[in-house]
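*Asks:* No letters, just coordinates:
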């Protein structure tokens, strides 16, 4: 079985730019500012701490809320873990979850470890 590991955190007070700036030294990463019609302005990183890490606004003009069940959060942090061995994935996932849970003003919304069938991939 393969695993899909995902973290979702939310901030009620920060802007995506402010939170990305705060997370860079905290996590030891450099975010790249990006823009798309679907996501709006967001900050993105690929690297060792997470395969994909993004900081973006929950509300995207013209599209609405990315996480409508969590409308109280202004900014969302998504982290995805899929490369390496299963043990490495879980290790990075747990390390990131624990680190982000220690950051004031950031709330854990979802941590998911989903088993997927290799044949479905």
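*Replies:* Sure thing, it's come through. These figures come from a predicted structure and were not determined experimentally.
*Asks:* Quick check: closest non-adjacent residue to residue 33.
*Replies:* Leaving aside its sequence neighbours, residue 33 sits nearest to residue 43 (C-beta to C-beta, 6 or more residues apart in numbering; 5.8 Å). Glycine gets a C-beta too; all of them are placed from N, C-alpha and C.
*Asks:* where does the residue nearest the centre of the chain land on pLDDT?
*Replies:* Closest to where the C-alpha atoms of the chain average out (C-alpha atoms, centre = their mean) is residue 78, at 1.4 Å. Per-residue pLDDT puts residue 78 at 96.
*Asks:* what residues does the strand or helix carrying it touch?
*Replies:* In the assignment (DSSP states H and E), residue 78 maps to strand 75-81. Residues external to strand 75-81 that are found in contact with it (C-beta atoms under 8 Å, 6 or more residues apart in numbering): 4-11, 14-16, 19, 23, 50-58, 66-67, 70, 89-90, 92-93, 96, 100, 106, 109.
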